[in-house]
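Trainee: Next comes the sequence, and after it the predicted model I'd like to discuss.
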Amino acid sequence: INVPTSSYLSYHGSSPNNPFIKKLYSKSLGHYGSFYSPQIHSAKSVLPIPSQMCPAISLQCSKSLYRTLDGTCNNLKNALWGAANNRYGRLLTPRYGDGISAPTLSVTGQQLPNARLISLIIFGENDVPDREFTIANMQWGQVMTHDMSLGAGATQSRKHAIQCCTDDGKLITNGQAPSCFPILIPKNDPAHSQTNTNCMNFVRTQTDRENSCPGTIQNRPAEQLTVVTSYLDLSLVYGNSDQQNRPIRAFTGGRMLVENRAGNEWPPQDVNATAACDVQTPRETCYLGGDVRINQNPGLTTMQILLLREHNRLADNLQIINPQWDDETVFQEARRINIAQYQHISYYEWLPIFLGRENMLKNRLIYQTTLGSFVNDYNPNIDPSVLNSHATAAFRYFHSQIEGRLDLISESRTRVGSLRLSDWFNRPVIVESGDNFDFLSRGMSTQPQETTDINFDVEIKHFLFRRGMPFGADLRAIDIQRNRDHGLASYNDFREFCGIRRASSWDDYLDLISQRDVDNLRSLYVSHEDVDLTVGGSLEAHVNGALAGPTFLCILTEQFYRTRVGDRYFFERGEIDVAFSREQLIEIRKASMARLFCDNGNNIEQMQPSAFLRISKENQVVPCSQISQVDLSQWRESTTINPSYGSNYLSSQNNYPSYAQFNVKK
Ligand code: HEM
Ligand SMILES: [Ca+2]
């Protein structure tokens, strides 16, 4: 057995200084040989992942104050790190059924239990409104997800593009796996004869693998491709390439292209049908945005419009303040501020809810910043690529927060109606009609999200994308199947990776999973080594102050550490080549979700200051004028050059997260 070496570690950017990773890799990974499917015993199947892109591409980078659209040259030495159309990162060697690209199998060589059956037996569908958080909290999560990853081919053909490399780093295929393989729907399942497709999901089969990774044995395991930039750079608003950006930019006044209707700005029409839409009458709109998923559900579309309007609001104000600026300068400066505000909201207002503030501070995802202090721990050795285990398993746990009924809420915060999610998948027409944009905005900041637990709303568990049919797909089953399709290492492997005791029997899972859930797992899986990461991780008791158990929290923490520290343009950096001035940074730190609603609604006059939190005595609805606002006068050209760049750094290099023992809620 070949033990992954440090080349693997350096490619993925985690330093051997990370005590948990050090611990893991200093041990012999003997278990890799003992229980995977037979082929994986061959030494080749556990070779470290190549330390360069396949094929190796070299790019000449020049320093720029602005990010590229496709994410290239953010890292000046590794120009493709975090760029669009790149591979997901991996923490652990994949566990394909054949060692190369076929979906994961049981350690006995059999098929794993049916994904839909697991969804039905292990996961519930109870409606449990969250006591603390609003739907806006869930919805921002989907925005961040769409900024960070999109499995190639996922929205259109559902076939996953994969990349196969030879040992010497040569690319063999970059094509799509051709076939469709249904998640068989159990016979007594009400969805059996009533879905609108034959398949709930598509995955590769044994034979397809021959096409996708020819001559398997001398090849390295396939890696899935993600088509958007990994950075939190609002690629979902601006697009992931010049080509994707051009049709959505106005090229005047630094603005993004919008269509004016009923006195408000809306995204342009998708005339070439690039985005997924399910229009049912010829007059229904289908929006074009920076991300093809813009129309997927009304809440998401609302967020996309808020962020689009925010760009134009910033551009208009910057142009007034600096009339001498040309279109390109206004565009880039507005984009830069929009991204900075968004990163601030994501790391300081949103992430602490999910990862826990203490955990974030401890692992240096955030610092106790004071007003104008810079955070200068950019590390060019950290690869910010989105991890497969993050995008395919851990981050999808929050599908549990989805609420299937969207309330329409008036300015006096009373319910005037509600929408059934599955009536409006991929039909943005509903967002634009009447006062719905404001009703939906207030709805998502008023209505509780669903509690983060084992329950998944029926609207996504039985009715996803049903298009008028009685039943649709099951998102939880898709998540489970996707885990296998991407060959993620097992739940037990990830426990060990995260410094949690490796289970050697079913009962060992009782440390984090309830007796009932362990019994259910045991009734479905042949071995405790078979439990999929997506499944096991979703059953763990949550860490105090966080919305996930230790294994998912470890993956999420690692991801968001890399996402920040591996981003040369992160908004808090004080390096002269990319920095805001101290005064500008003070302004950026006033941005909030509430302010985005206030500034970009059709006519929203009041909001609670913390829009991710439910309205309460401490978080009452107030006039928008009482919610702090970013003062753009700090961007007047004469004031942008600031002598205080680069001093008062909060931190130094050499910071790596350490997963100190998490305390679990008992
Ligand atoms: C109404 C809300 C949402 C709907 C309808 C939805 C639906 C979907 C669908 C259909 C997929 C593609 C599944 C596949 O084919 O593999 C997906 C992927 C995903 N979702 Fe959601 N989702 C929602 C909200 C969220 C939220 C709140 C999060 C996290 C906070 C999230 C995280 C993810 C992630 C990480 C992926 C994988 C992205 C990729 O790399 O391709 N989603 N979701
Ligand atoms: Ca991005």
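Mentor: Perfect, I can see it now. Ligands and ions are numbered 1, 2, ... in the order given.

Trainee: Which strands or helices does the longest helix along the chain pack on?
Mentor: Counting residues, the longest helix found in the chain (DSSP state H) is helix 298-321. Here helix 298-321 touches helix 135-148, helix 235-238, strand 264-266, helix 327-344, helix 429-432, helix 436-446, helix 593-600, going by 3 or more C-beta pairs under 8 Å, 6 or more residues apart in numbering; DSSP states H and E. C-beta: built from backbone N, CA, C; applies to glycine.

Trainee: and residue 416, how many neighbours?
Mentor: When neighbours are counted by other C-beta atoms under 10 Å, residue 416 registers 14.

Trainee: Flag every buried residue along whichever helix or strand it is part of.
Mentor: Assigned by DSSP states H and E, residue 416 belongs to strand 415-420. Buried residues in strand 415-420, counted by 16 or more other C-beta atoms under 10 Å: residue 419.

Trainee: Spell out which strands sit alongside it in the sheet and which way each one runs.
Mentor: strand 405-409 (antiparallel) (DSSP bridges).

Trainee: what's in contact with the strand it pairs with?
Mentor: Contacts with strand 405-409, where a contact means C-beta atoms under 8 Å, 6 or more residues apart in numbering, come from 135, 298-299, 415-421, 436, 439-440, 442-444, 446-447, 459.

Trainee: if we go to 6 Å?
Mentor: 415-419, 439, 442-443, 446-447 (C-beta atoms under 6 Å, 6 or more residues apart in numbering).

Trainee: Closest to ligand 2 out of these?
Mentor: Ranked by distance to ligand 2 (C-beta to the ion), those are led by residue 443 at 26.8 Å.

Trainee: pLDDT below threshold where in the protein?
Mentor: 1-58, 153-188, 190-219, 639-666 (pLDDT under 70).

Trainee: Contact residues of it facing ligand 2?
Mentor: With C-beta under 5 Å from the ion as the criterion, the chain comes near ligand 2 at residues 147, 229, 231, 233, 235.

Trainee: quick one: which of those is most hemmed in?
Mentor: residue 229 (32 neighbours).

Trainee: so that residue makes contact with residue 72?
Mentor: No: using C-beta atoms under 6 Å, residue 229 is not in contact with residue 72, being 8.9 Å away.

Trainee: Can you name the residue of this protein nearest ligand 1?
Mentor: residue 141 (2.6 Å; C-beta to the nearest ligand atom).

Trainee: Pull the number of nearby residues for the residue nearest to residue 409 when sequence neighbours are not counted.
Mentor: Distance criterion C-beta to C-beta, 6 or more residues apart in numbering; nearest residue to residue 409, sequence neighbours excluded, is residue 442 at 4.0 Å. Number of residues near residue 442 (other C-beta under 10 Å) recorded here: 29.

Trainee: Quick check: the gap between residue 442 and residue 618.
Mentor: The gap separating residue 442 from residue 618 is 19 Å, by C-beta to C-beta, to the nearest Å.

Trainee: do the same with residue 60
Mentor: 53 Å.

Trainee: who has more neighbours, those two?
Mentor: residue 618 (9 against 6).

Trainee: still on that earlier bit, can you lay out the residues of the chain next to ligand 2 as TSV showing distance to residue 486?
Mentor: Listed next are the residues of the chain next to ligand 2 as TSV, based on distance: C-beta to C-beta, whole Å:
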residue	distance to residue 486
147	20
229	20
231	21
233	24
235	21
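
Trainee: which of the residues in the longest helix of the chain are buried?
Mentor: 298-315, 317-319, 321.

Trainee: So what touches it?
Mentor: So helix 298-321 is contacted by 139, 142-143, 237, 253-256, 265, 289, 294-295, 330, 333-334, 337-338, 424, 428, 430-431, 440-441, 444, 596, 599-600, 632, 635-636 (C-beta under 6 Å, 6+ apart).

Trainee: can you give me the angle that helix makes with helix 436-446?
Mentor: 110 degrees (axes from the mean of the first three to the mean of the last three C-alpha atoms, to 10 degrees).

Trainee: oh, and call the first residue 11 from now on, that's how I've got it
Mentor: Fine by me, first position is 11 from now on; the one you just mentioned is helix 308-331.

Trainee: all strands for the chain, in order.
Mentor: In the chain, the strands defined using DSSP state E lie at 96-97, 139-144, 172-175, 181-183, 233-236, 269-271, 274-276, 415-419, 425-430, 458-460, 616-617, 632-633.

Trainee: show me the contacts for the residue nearest to the spatial centre of the chain.
Mentor: Centroid check for the chain by C-alpha atoms, centre = their mean gives residue 155 as the closest residue, at 2.3 Å. By C-beta under 6 Å, 6+ apart, the contact set of residue 155 is residue 405.

Trainee: Try it again at 10 Å.
Mentor: Contact analysis of residue 155 by C-beta atoms under 10 Å, 6 or more residues apart in numbering lists 238, 246, 303, 310, 396, 400-401, 405-406, 408-409.

Trainee: quick one: which of these is nearest ligand 2?
Mentor: Checking these against ligand 2 with C-beta to the ion, the nearest one is residue 238 at 5.2 Å.
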